[in-house]
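Asker: Everything below, folded, please.
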Amino acid sequence: MTMSSTTRPAAEPRPVQAAPPPGADSARTRRIGRIRRTLTPYGFLSPTGVLLIILMITPIVMVVSYSLLDRVITNKNPAFVGFENYLEVLTDPVFFTAVRNTLVFTISSVIVHFVIGLAFALMLNSPLLKDRTKAFFRVLYILPWLFTVAIVAVLWRLLLSPNGVVNYLLGTAGITDGSTEWLANPSTALAAVTFINIWSGYPFFMISLLAGLQGIPRDLYEAAKVDGAGVVAQFRNVTLPQLRPIIISMALLDFIWTTQQFALIWMTTGGGPINSTEVLSTFTYKLAFTEYEFSVASASAVLVLLMSMVLAFFYVRHQKARD
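Answerer: Below you'll find the model as predicted:
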C-alpha cells in the first residue's frame, strides 16, 4: 500500500506588535479618572436637575398651549384659535388698568424700599450708636419681614379700617375726619396697598445695603477725609459708588418680585374697589377662577411671563457684568 505524501507551506511568521510606549496606560488611566471625577457630581445632580426641568418646563408648555386653544378645561374638544386669546387680552381695558396699577405699585414700592432701606442701613452702620442700640434697632427694623403675607394683610386691614388705629390717630391730630375707608375708597386703595407693601418689604433692602456698607474699606473714607471731603461728599463719592452694584441688583430683584405680588393685594382689596388696585396677577387670577376663561387667562399669564423674562434677562446680565 502506497501512501502519498503532501507538502504543507511553511507558516508565515506573525507580525510583532509594537509595545505601547512607556506610560501610555497610566496616561489613559489618568484621563479616564479625570473624566469620571468631572462627570460624577453631575451624575448625582442629574435626578434633581431633571425634576426641576420637568416642574418648570411642563407648566410653561401647558400654559402656552392653552393660550392657543379655545375654552380649555371647560370644553372637551377645544379648538385651535391661534392668537385670538392674546388679542382679547390686549383689547380689554381692564388689562391696561392692571398694567398701569402694576407699574405704579411696583415703581413706588421699589423706590421707597431703597430710600428707607438705605436710611436705616446708614443708621445701623453709624459709629455714633452703641452696639446695644444697633442690636435693638436691627431687631425692630427687621420685624416687618418676619410676618407672613396673611398676617400683614389682616393686621393692616384692622389698622386701616374706619374704626382702626390709623383713623383714630389721624382724627385726633385733626388731619382727617377719622372715618376714612382707606382700602374701600377707590382714590386711596392703591396708595394704601402700596404703603403696606413698602412696610413689609423694606428690610430686604436694609439688610443688603447694610452688608454692603460694612464691606466698604475704611481706607477710602480716610483718603476722602485727607482730601477735605465732608460727610455729604463722602456719601456721594465713596458710599454710593461702592453700593451701586448692590443697589442695581436689589432694585431689579425687588422689581421682579413686586410685579408678581398677588397674595397681599388679594387679601386686602381683591383688586377693587372698581379695579383701583387691579394688577396683572389679580387680573389673570380672576379670568381663570372667577370668569372661568382659562384660555384667556393663559394668554395673560404668557404676557406676564414675557415681561418677567425681560426683567430677569437684565438682572442676569447685570450679575454677570458684576462678576
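Asker: Check which element follows the host helix or strand of residue 155 along the chain.
Answerer: Using DSSP states H and E, the element containing residue 155 is helix 149-159. Reading on from helix 149-159 to the C-terminus, the next helix or strand found by DSSP H and E is helix 165-172.
Asker: CA atoms of that following helix as CSV?
Answerer: Coordinates of each C-alpha in helix 165-172 appear next as CSV, following Å, rounded to 0.1, in the frame of the first residue of the first chain:
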residue,chain,number,x,y,z
VAL,A,165,-55.9,102.9,65.0
VAL,A,166,-54.7,104.8,61.9
ASN,A,167,-58.0,106.7,61.6
TYR,A,168,-58.1,107.3,65.4
LEU,A,169,-54.6,108.9,65.4
LEU,A,170,-55.2,111.0,62.2
GLY,A,171,-58.6,112.1,63.6
THR,A,172,-57.1,113.0,66.9
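Asker: tell me which residues of it are tucked away?
Answerer: By 16 or more other Cβ atoms under 10 Å, the buried positions in helix 165-172 come out as 166-167, 170. For every residue, glycine as well, the C-beta is placed using N, CA and C.
Asker: Can you tell me which of those residues comes closest to residue 190?
Answerer: The closest of these to residue 190 turns out to be residue 166 (Cβ to Cβ; 16.4 Å).
Asker: got the residue ranges for the helices in the stretch 1-150 of the chain?
Answerer: Using DSSP state H, counting those that start in this stretch, the helices of the stretch 1-150 of the chain run over 24-67, 84-90, 93-124, 131-146, 149-159.
Asker: Could you tell me the least trusted of those helices?
Answerer: The weakest mean pLDDT among these belongs to helix 24-67, with a mean of 83.
Asker: by contact count, what packs against that one?
Answerer: helix 294-322 (3 or more Cβ pairs under 8 Å, 6 or more residues apart in numbering; DSSP states H and E).
Asker: Let me know the angle separating the helix it packs on from helix 93-124.
Answerer: Per axes from the mean of the first three to the mean of the last three Cα atoms, to 10 degrees, the angle that helix 294-322 makes with helix 93-124 is 30 degrees.
Asker: List the buried residues for helix 294-322?
Answerer: Those buried within helix 294-322 under the rule 16+ other Cβ under 10 Å are 294-304, 307, 315, 318.
Asker: and what of stretch 63-72?
Answerer: Going by neighbour count (16+ other Cβ under 10 Å), the buried part of stretch 63-72 is 63, 66-72.
Asker: Now that we have those, can you turn them into a markdown table and tack on distance to residue 48?
Answerer: Shown next, in a markdown table, are these (distance: Cβ to Cβ, whole Å):
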| residue | distance to residue 48 |
| --- | --- |
| 63 | 23 |
| 66 | 28 |
| 67 | 29 |
| 68 | 31 |
| 69 | 32 |
| 70 | 37 |
| 71 | 37 |
| 72 | 31 |
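Asker: right, and the helices of the stretch 1-150 of the chain - which one's nearest residue 261?
Answerer: Residue 261 lies closest, by Cβ to Cβ, to one member of the helices of the stretch 1-150 of the chain: helix 93-124, at 7.4 Å.
Asker: which helices and strands does the closest one pack with?
Answerer: Helix 93-124 packs on helix 131-146, helix 189-214, helix 240-259, helix 280-289, going by 3+ Cβ pairs under 8 Å, 6+ apart.
Asker: can you rerun that using 10 Å?
Answerer: Applying 3 or more Cβ pairs under 10 Å, 6 or more residues apart in numbering; DSSP states H and E, one finds that helix 93-124 makes contact with helix 84-90, helix 131-146, helix 189-214, helix 240-259, helix 263-268, helix 280-289, helix 294-322.
Asker: If we go by neighbour counts, what in the second one is buried?
Answerer: Residues of helix 131-146 classed as buried: 138, 141, 144 (neighbour count, 16+ other Cβ under 10 Å).
Asker: elements contacting it?
Answerer: helix 93-124, helix 149-159, helix 189-214.
Asker: chain center to that helix: distance?
Answerer: Averaging C-alpha positions (Cα atoms, centre = their mean, to the nearest Å) puts helix 131-146 25 Å from its chain's average.
Asker: re the thing from before, wait, which of the buried residues of stretch 63-72 is closest to residue 134?
Answerer: Of all those, residue 134 sits closest to residue 63, with 47.2 Å by Cβ to Cβ.
Asker: quick revisit: save the helices of the stretch 1-150 of the chain as CSV, and put in distance to residue 272 too.
Answerer: Shown next, in CSV, are the helices of the stretch 1-150 of the chain (distance: least, Cβ to Cβ, whole Å):
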stretch, distance to residue 272
helix 24-67, 26
helix 84-90, 20
helix 93-124, 11
helix 131-146, 25
helix 149-159, 13
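Asker: nearest to residue 205, of those?
Answerer: With Cβ to Cβ, the closest approach to residue 205 among the helices of the stretch 1-150 of the chain belongs to helix 93-124: 2.7 Å.
Asker: So which bits of the closest one are buried?
Answerer: Buried positions in helix 93-124, judged by neighbour count with 16+ other Cβ under 10 Å: 95, 97-99, 101-102, 105-106, 108-110, 112-114, 116-118, 120-121, 123-124.
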